[in-house]
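Build me a structure from this.
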Amino acid sequence: MRKLLTFTLTLAVSGIATLPVSALAAGLPRYSSVVDASDSQFTVSVRKLGETRYVTCELPAPVECGDAEEKQEPIWGSLQGTPYRNEAGTLQVTARQNGSGSVIFTAYEPDGTDWEKVREWSAVGGATRVMVFGNGQGFAAFMANGTVVRYGVGSAEPLSRSTYSASGSAMTISATGRYLAFYKPATASTKVRSYHVADLTTGKEVSWSEPVSYWDLVSEDNRVFSFATDDSKLVLRSDRDGWQRPYLVNLSAGLPATLSPTLVFSRGYAVPDFVFIDANRIAMVANREGATDWDLFTLNVSTLGIAKVADSVSYGAPLRRFGSYVSFAKATPGGVSATLYNVKSGSVTGIESLADVGLTPGDSLPAAKVVKNVPGAGGYSVWEPSTRPAGTPIVLWLHGGPYRQISSAGYHPFSSYGNLDWVVEQVRLSGAVVAKLDYPGSYGYGRSYAESLTGKVGVSDVAAVKSAMASLRATYGASAPVYLIGNSYGGYLAQKSLVELGSSVSGIYSISGVTDWESLIAPNPNGIFGVQFGGAPSDANRSLYQQAKLILKVGSVGSQKVYLAHGDADTSVPHSQTTLLDQLLKIEGKNVKTTIYRGEDHVFMKPQSIADLCKQAISLIGKSASGRCAL
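Here you go, the predicted structure:
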């Protein structure tokens, strides 16, 4: 084995320290979402790279908002004891131990912007969990002795007491506090997930289990359960039939003898988030009209009547139900913006139309000109430059994940990708055709496509790159140079495609990319990457690691440009992955340029780092960054 030599790498150091982040990051997208709410007010978080502002607004309509502040002011007041509250913000309960071994529960209801004490209870022992009813009329205390005691704000005595204990994820209590739902995700060893529903008045529980051969994708989205406002129904999310979709449990006659949820609709599309807005309707985020086309709908789970509320909705920000509203986030030209849907009037209002949120929107990002995404089969979207002379370069963007997705309607729902969207947009404006690919393993195309990468890392994904390159060249010129740019897993895919596809790839830019899977997975074989290979490296899966390996093929790289970038504080993919490839390429005398960014984690957070990524990306395709990349 050849000895690895030591080479000097380019170190990108922090730039202008005298300017605030907002001034340095002016062109980057702005993201906002509702982060706290009661039935009388709510708080919006406004984010732009490393800077955040908070805006508090008062309800009911007309909504009135205050000035943007650098510090979030709690809307729940400062109360003694550990606070618990329901999502709608109609009741807050505190729990505190006294000196005699009892726990004191105190309930508060909102009184304008203040909180009024309603009632106090005392119970012997300690409480491990308190859950406030969805309707705000009481709470359930899970006691350390294994009992569950339900209290109502209108009574000094408990509503019910039963013997019951529960542990799991996504614990959700019903509107009246009668029912509790929770979920136990599959693990690498069990490969079974289960859904549980309990009647807290009796302690009776029913459950529903299903096998999971891949990573448990139910755990990847925002909400697993939602109860109807009258406790007559429960909706849960499962992908047992191929898509993340809602399943219905009828509770109108009480807890059933067995838990047998029924699929609400059969059409194949994903529903990552939903919440009941009355006894029959849910508000739901879904890609019903296209794999990368996410919208907000209302769906009557009894009649299946459906209506679109808003388009270009973010699946990254969770839905919140409070007062007469459901909050969500919507793509706008300069970012992703908090928005209110009034469930009574049907009106939709952007928060940024009601208040000065303190941070400017980012540069406008247009929707894709061409979308070739097929449900269940991946695809790509294309953004064209203003002019396309002969030889116009093509840039193929490869997202990370792999369980992630491109955005065709503006900035990505995740701000980390939004900043990279801005970088790639500057590349387009410099004169390149930009395409973004959803390769096997990507989000939003159903479970089958997500699982199609398993055991095929470095094979099926490279085949998708090859196919996309051929399709793009058929449209934009057979001899058009094609450059691959990707982050994290996408960085690996750019590297692997280079060594497999040879001269058909004109150059690559790998940002925070993986180079050697064995050394990355061995310390943590139970993560999603380990699932792709069937666990830690062993004789049983050695062939899978071997087919994904690229370091033995770096000698096949020609004179193409190879740009590498990594943060030296990366806690997800160590920057040693990139320095390894840098050294191997330099031993072979290849055309490699590597930049290590000081203090940057897996997601870059410094404006000067984002600006430099932009300059490097434009340099990769042989264009001038003059007038571009300024933040």
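
quick one: low-confidence ranges for this structure?
Across the chain, the ranges flagged by pLDDT under 70 are 1-25, 77-78, 113.

Most distant residue from the centre of it?
Centroid-distance maximum for the chain: residue 100 at 45.2 Å, with C-alpha atoms, centre = their mean.

Would you verify that that one is located in a helix?
No: using DSSP: H, G, I helix; E, B strand; the rest coil, the assignment for residue 100 is coil, not a helix.

For it, give me phi and psi.
Dihedral angles phi and psi of residue 100 (degrees, to the nearest 10) take the values phi -110, psi 10.

got it, and residue 618?
Main-chain torsions, residue 618, degrees, to the nearest 10: phi -70, psi -40.

Ok, residue 205 next?
Dihedral angles for residue 205 - degrees, to the nearest 10 - are phi -130, psi 140.

hang on, isn't it packed against residue 197?
Yes: look at residue 205 against residue 197 with C-beta atoms under 8 Å: they come within range, at 7.0 Å. C-beta coordinates here come from the backbone N, C-alpha and C atoms, glycine included.

So between those two, which is more surrounded?
A side-by-side neighbour count of residue 205 and residue 197, using other C-beta atoms under 10 Å, places residue 197 first with 25 against 16.

how much space between that one and residue 252?
The spacing between residue 197 and residue 252, counted by C-beta to C-beta, to the nearest Å, is 14 Å.

hang on, the earlier thing: how close does the residue farthest from the centre of the chain sit to residue 158?
Note on residue 100: its distance to residue 158, by C-beta to C-beta, is 19 Å.

cool, residue 64 as well?
40 Å.

Also residue 320?
Applying C-beta to C-beta to residue 320 and residue 158 gives a distance of 30 Å.

Name the surrounding residues that touch stretch 51-65.
Outside of stretch 51-65, the residues within contact range by C-beta atoms under 8 Å, 6 or more residues apart in numbering are 20-22, 25, 35, 39-46, 66-73, 75, 113, 322-325, 340, 342, 349, 351, 354-355, 357-359.

what's the first-to-last distance across that stretch?
End-to-end distance of stretch 51-65 (C-alpha to C-alpha, to the nearest Å): 20 Å.

what does stretch 39-53 give?
End-to-end for stretch 39-53, by C-alpha to C-alpha: 22 Å.

Please give me every residue in contact with the residue nearest to residue 600 when sequence neighbours are not counted.
The spatial neighbour of residue 600 that comes closest, neighbours along the chain excluded (C-beta to C-beta, 6 or more residues apart in numbering), is residue 567 at 2.9 Å. Residue 567 makes contact with 512, 575, 596, 597, 598, 599, 600, 601, 602, 604, 609, according to C-beta under 8 Å, 6+ apart.

Just the residues you listed: which are in strands?
596, 597 (DSSP state E).

possible to save the contacts of residue 567 as TSV with neighbour count and distance to residue 287?
Below are those laid out as TSV (neighbours: other C-beta atoms under 10 Å; distance: C-beta to C-beta, whole Å):
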residue	neighbour count	distance to residue 287
512	28	27
575	22	35
596	19	38
597	27	34
598	13	39
599	14	37
600	22	32
601	14	30
602	19	26
604	27	28
609	24	32
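
Looking at the contacts of residue 567, which one is closest to residue 271?
residue 602 (28.7 Å; C-beta to C-beta).

Pretty sure that closest one sits against residue 572.
Yes: between residue 602 and residue 572 there is a contact under C-beta under 8 Å: 3.9 Å.

between these two, what contacts are shared?
488, 512.

Just list whatever residues bridge to residue 33.
residue 45 (DSSP bridges).

residues touching it, list them.
Shown in contact with residue 33 (C-beta under 8 Å, 6+ apart): 44, 45, 317, 327, 329, 336, 338.

Is the last one within a helix or a strand, and which one?
Here residue 338 is covered by strand 335-342, with elements defined by DSSP states H and E.

quick one: buried residues of that strand?
By neighbour count with 16 or more other C-beta atoms under 10 Å, strand 335-342 contains the buried residues 335, 336, 337, 338, 339, 340, 341, 342.

cool, stretch 319-335 as well?
Residues of stretch 319-335 classed as buried by neighbour count (16+ other C-beta under 10 Å): 319-332, 334-335.

Mind giving me the packing neighbours of the strand holding residue 338?
Other elements packing on strand 335-342 under the criterion 3 or more C-beta pairs under 8 Å, 6 or more residues apart in numbering; DSSP states H and E are strand 30-37, strand 306-310, strand 325-332, strand 348-350, helix 415-429.

Distance from the chain centre to the following helix or strand past the longest one, please.
On the C-terminal side of helix 415-429, the closest following helix or strand by DSSP H and E is strand 433-438. Counting by C-alpha atoms, centre = their mean, to the nearest Å, strand 433-438 is centred 20 Å from the centre of its parent chain.
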